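J.: turn this into a structure:
(one chain, ligands or ions: 4)
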Amino acid sequence: MHCSSLLLEEPIRMSSILEPSKPSFFPAMTKIVGTLGQKSRSVDTIARCLDSGMSVARFDFSWGDREYHQETLENLKAAIKSTKKLCAVMLDTVGPELQVVNKTERPISLQAETLVVLTPDQNKEATSNLLPLNFNGLSKAVKQGDTIFIGQYLFTGSETTSVWLEVTEVHGDDVTCLIKNSATLAGSLYTLHVSQIRIDLPTLTDKDKEVISTWGLQNNIDFLSLSYTRHAEDICHAREFLSKLGDLKQTQIFAKIENIEGLTHFDEILREADGIILSRGNLGIDLPPEKVFLFQKAAIYKCNVAGKPAVVTRVVDTMTDNLRPTRAEATDVANAVLDGSDAILLGAETLRGLYPVDTISTVGKICAEAEKVFNQDLYFKKTVKYVGEPMSHLESIASSAVRAAIKVKASVIICFTSSGRTARLIAKYRPTMPVISVVIPQLKTNQLRWTFTGAFEARQSLIVRGLFPMLADPRHPAESTSGTNESILKVALDHGKAFGIIKPHDRVVVCQKLGDSSVVKIIELED
Ligand SMILES: Nc1ncnc2c1ncn2[C@@H]1O[C@H](COP(=O)(O)OP(=O)(O)O)[C@@H](O)[C@H]1O
Ligand SMILES: C=C(OP(=O)(O)O)C(=O)O
Ligand SMILES: [K+]
Ligand SMILES: [Mg+2]
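T.: Ligands and ions are numbered 1, 2, ... in the order given. Prediction:
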């Protein structure tokens, strides 16, 4: 994984492409977020997902109730225990998502060139010419000629179960549309998307607030995935809401950019958010297809230079039903890694797919191959130039640690961190070797009870490219004032050896704060 000799910007010997990859004890540096649901909720399947490289589990409240998701989460906990693999928890909100309500769950066949009426009257039964919605403001939001898309939850955009409509008339609360392609809507949950309009619904809905303050609080969620983030204020509101919920003030907020409104406010959203999810499913409907790549490259660049994680969705849709991705999908995953993304989010593939575990391992393998040819040198220079001078003390130390590690061909960087800040700054410079971030717990009190910090910080690094957290023993002194306190370092080295990433005679770069000075040191191991 770490000593790459190939660079895409240089001529590659074609036969070298076929050389087998060196066995790696570590999964890819790029992280995998899996959406857990019907096909990925047993303890056994989740354990295999963890073993294949999933490090964040997404629970999407667009569907399912609290009890259902709690059962899945209990299974996740059991799987974490049996595999000894850490996994973070992400709660995904419903937000202003428009849904077709099909209470009977009978399939509805829609015929091209016929008319269908969209109504807010949810007491009506869904039929081939009438579709009830969960929203009563559609007729005020659309006009004749607008394009509407309806697809099953986690649609790919091209299946025979998705339909495109054109608005022909608006009367009262109802909207009449011409069906552009024949399709059969099967199942109970259908998402409706109107291209490029504003939906007058709050980003954090009452249902979302209820779920966060019950399920979210009970389970100490690491990430809130804020669906349809459209403005920076959406993040501020969500942050304010979380701040009143005890430990959830530590929850990180990832803004999902799913429409043009979010895209146009990208810079202000990035300033407030802890990370970004490039929600290509919905955004791919809102944007003309020829513009999607441009958004992806521009957004990932901005996340990279800000040092905030970028997560890309909808990568191997066809693996929902197939054991192998298409060539286009396989290339797309690699390109996401080359663009600089931190993590890949799997949706339908793990939720209702036939091959959740194979999907994770296939995506992981593609990521690992792409990481080998990632032009770290170019990336490093670009980032240093963007940051400019004078650099902050910590940023200078972090970038120097990465530089030193590459120069001496270190097998791993070990960093000590409490808040996670140092680890994130090291990851920002995209080292080619894994970073073991040793999270040093701090004891804190609220006058009633003592608690240790560190668990959130460790799990939250599971979405950052290259970071592999390790929780330090709280009995070790948190404030190490002398270089002689090396006991935690020894534990970290042993951890790396046990995982097979550190071998005898390897070089290791260590980045730590000692008293009020920061040090980068290079150690050469004996045996
Ligand atoms: N070898 C070590 N053993 C124990 N603690 C250490 C060692 N090296 C550094 N530390 C402690 O780790 C903590 C790292 O936190 P800090 O430097 O504040 O990072 P961040 O800003 O990322 O939270 C500090 O409290 C530091 O004293
Ligand atoms: C992941 C996405 O959103 P959802 O929450 O609807 O799956 C997406 O739009 O790509
Ligand atoms: K959602
Ligand atoms: Mg979406």
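
J.: going by C-alpha atoms from here, please, whenever you check contacts or count neighbours.
T.: Fine.

J.: correct me if wrong, but Ser82 is in a helix.
T.: Yes. Counting by DSSP: H, G, I helix; E, B strand; the rest coil, Ser82 is found in a helix.

J.: so how far is ligand 1 from the residue most central in space within the chain?
T.: Geometric centre of the chain, nearest residue: Val311, 4.1 Å, by CA atoms, centre = their mean. To ligand 1, Val311 is 22 Å away according to CA to the nearest ligand atom, to the nearest Å.

J.: look at that residue and give its secondary structure.
T.: The three-state label given to Val311 by three-state DSSP is strand.

J.: specify the local secondary structure of Val116.
T.: Applying three-state DSSP: Val116 is strand.

J.: can I assume it is in contact with Ala126?
T.: No. Using CA atoms under 8 Å, Val116 makes no contact with Ala126, being 10.5 Å away.

J.: can you pull the contacts of the residue nearest to the centre of the chain?
T.: With contact taken as CA atoms under 8 Å, 6 or more residues apart in numbering, Val311 is in contact with 275-278, 341-345.

J.: which parts of stretch 241-254 are buried?
T.: Neighbour counts over stretch 241-254 (16 or more other CA atoms under 10 Å) mark 241-242, 245, 248, 250-254 as buried.

J.: typo on my end, it should be stretch 68-82
T.: Buried-residue list, stretch 68-82, by 16+ other CA under 10 Å: 69, 72-73, 75-80.

J.: same deal with stretch 367-378?
T.: Per 16+ other CA under 10 Å, stretch 367-378 contains these buried residues: 367-376.

J.: still on that earlier bit, okay, the buried residues of stretch 68-82 in TSV with secondary structure and distance to ligand 2 next?
T.: Shown next, in TSV, are the buried residues of stretch 68-82 (DSSP: H, G, I helix; E, B strand; the rest coil; distance: CA to the nearest ligand atom, whole Å):
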residue	secondary structure	distance to ligand 2
His69	helix	15
Thr72	helix	18
Leu73	helix	18
Asn75	helix	22
Leu76	helix	20
Lys77	helix	23
Ala78	helix	25
Ala79	helix	24
Ile80	helix	24
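
J.: tell me the one among these nearest to Leu165.
T.: Leu165 has its nearest neighbour among these in His69, at 33.3 Å by CA to CA.

J.: ok, and the closest non-adjacent residue to that closest one?
T.: Phe59 (6.8 Å; CA to CA, 6 or more residues apart in numbering).

J.: what about that neighbour, which helix or strand?
T.: Assigned by DSSP states H and E, Phe59 belongs to strand 54-60.

J.: strand partners of that strand, parallel vs antiparallel please.
T.: Counting by DSSP bridges, the strands paired with strand 54-60 are strand 31-35 (parallel), strand 88-92 (parallel).

J.: model confidence for the closest residue in space to Thr35 that isn't next to it in sequence, exactly?
T.: Excluding the flanking residues, the one nearest Thr35 by CA to CA, 6+ apart is Arg58, at 4.5 Å. For Arg58, the pLDDT comes out at 98.

J.: hmm, Phe416 and Val438 touching each other?
T.: Yes. Between Val438 and Phe416 there is a contact at 4.9 Å, judged by CA under 8 Å.

J.: who touches the residue of the stretch 101-250 of the chain found nearest ligand 1 in this structure?
T.: Closest residue of the stretch 101-250 of the chain to ligand 1, CA to the nearest ligand atom: Gln250 (13.8 Å). Gln250 sits next to 222, 243, 456 when contact means CA under 8 Å, 6+ apart.

J.: any low-confidence regions in the stretch 351-500 of the chain?
T.: 476-486 (pLDDT under 70).

J.: in it, which spans are strands?
T.: For the stretch 351-500 of the chain, strands defined by DSSP state E, counting those that start in this stretch occupy the ranges 412-417, 435-439, 443-445, 450-452, 467-471.

J.: around ligand 2, which positions in the stretch 101-250 of the chain sit nearby?
T.: Leu154 (CA under 6 Å from any ligand atom).

J.: same thing but at 8 Å, please
T.: Applying CA under 8 Å from any ligand atom, one finds that the stretch 101-250 of the chain approaches ligand 2 through 153-154, 227.

J.: lowest-confidence entry in those?
T.: Among these, Leu154 has the lowest pLDDT, at 77.

J.: for the buried residues of stretch 241-254, work out which two are farthest apart.
T.: So, the buried residues of stretch 241-254 by CA to CA: farthest apart are Leu245 and Phe254, at 17.6 Å.

J.: ok, how many other residues are close to Ala404?
T.: Ala404 has 17 neighbouring residues, counting by other CA atoms under 10 Å.

J.: how close does the closest residue to it other than its chain neighbours sit to Leu493?
T.: Of all residues not flanking Ala404 in the chain, Val509 sits nearest, at 7.4 Å (CA to CA, 6+ apart). Counting by CA to CA, to the nearest Å, the gap from Val509 to Leu493 is 11 Å.

J.: so which of those two has more stuff around it?
T.: Remark: of Val509 and Leu493, Val509 carries more neighbours, 24 against 20, as counted by other CA under 10 Å.

J.: list the buried residues in whichever helix or strand that one is part of.
T.: Assigned by DSSP H and E, Val509 belongs to strand 507-514. Buried residues in strand 507-514, counting neighbours by 16+ other CA under 10 Å, are found at 507-513.
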